[in-house]
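**Q** My questions are about this predicted structure, shown below with the sequence.
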Amino acid sequence: THANLRGLTLHLRPIPPVFAGDPALLDIVITNPGAERHGVALRFHDREAHGSSFAWCDVPALGQTTARVTIVPPRRGWHGMPTIVAETGFPFGLFRAWTLWRPAAQVLAYPRPEPPAPPLPAAAAVAGEQAAARRTQGSEFDGMRAWRRGDSMRDVLWKKVARSGEMVSRDTAGAGGRELSLEWHEARVPGRGNDTEPRLARLAAWVLAADGQGLAYRLALPGRELPVGHGDAHRRAALEALALHA
């Protein structure tokens, strides 16, 4: 039974961020340097805090397999990994062998968006020189510019691409000379005074709404500001700033 575990190595793949209260999937890669192993189980050491379910697997000879378990971060911010037990009762279930493993990794939890959030704030007019500078970055067509690295695929004008063969994107940053600004002071929730968490929840909902509509936006927090941007990378940066706000 002990030999069924001996020599196995465990590796945790990078964990994508989740929203607080949502399950984070842990992909644990088990590498086997020897003969085939059967009936290997992974579970959390603290069953009361993280559940008592097992992830069972067999590991091929000189190969790898992946076992999946989940944790649920209860609040925003970084969360360390709990201790995991790898165990087996193979071959007859008469004996049990186990080992403890604490992955050196963390998972980031974003603030849970307010459900439902009020409409996005009204976009403000951009100063004349700034708006003109943005328009010059586009093409001769209003609201369209050459595709740039980092642009979301949702902003690509596929009909134009099909006709011309050139990648072009919707110019959300310069269209109309208006700019969406997500401000800390505008996210105040009535009846909650200066509470931090309700404001972060509202701003998270606004970030998702603006991103879903393909809008460019800036995010202004006390002591930190993200400049105007759009796309997947900008959304992740905004949500991370909200998650780590002190």
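**A** Yep, it's here. The structure displayed is predicted, hence computed values, not measured ones.
**Q** Asp232 against Ser152, yeah?
**A** Yes - Asp232 is in contact with Ser152 according to C-beta atoms under 8 Å; the separation is 5.6 Å. Backbone N, C-alpha and C define where each C-beta goes, glycine included.
**Q** Looking at those two, which is more packed in?
**A** Of the pair Asp232 and Ser152, Ser152 is the one with more neighbours under other C-beta atoms under 10 Å, namely 17 against 13.
**Q** For the more buried one, give its distance to Arg170.
**A** In this view, Ser152 and Arg170 are 9 Å apart by C-beta to C-beta, to the nearest Å.
**Q** shared neighbours, those two?
**A** Common contact partners of Ser152 and Arg170 (C-beta atoms under 8 Å, 6 or more residues apart in numbering): Gly214.
**Q** Next up, the contacts around Leu94.
**A** By C-beta under 8 Å, 6+ apart, the residues touching Leu94 are Thr1.
**Q** Please report the distance of it from Phe19.
**A** According to C-beta to C-beta, Leu94 and Phe19 sit 44 Å apart.
**Q** mind checking how far Ala162 is from Val156?
**A** Applying C-beta to C-beta, the value for Ala162 to Val156 is 11 Å.
**Q** so where is this structure shaky, pLDDT-wise?
**A** Under the criterion pLDDT under 70, the flagged ranges of the chain are 125-144, 150, 171-178, 193.
**Q** From Glu48, how far out is Arg75?
**A** Separation of Arg75 from Glu48 (C-beta to C-beta) stands at 18 Å.
**Q** Same check on Thr1?
**A** Counting by C-beta to C-beta, the gap from Thr1 to Glu48 is 27 Å.
**Q** which of those two has more neighbours?
**A** The neighbour count for Thr1 versus Glu48, taken as other C-beta under 10 Å, is higher for Thr1 (18 against 7).
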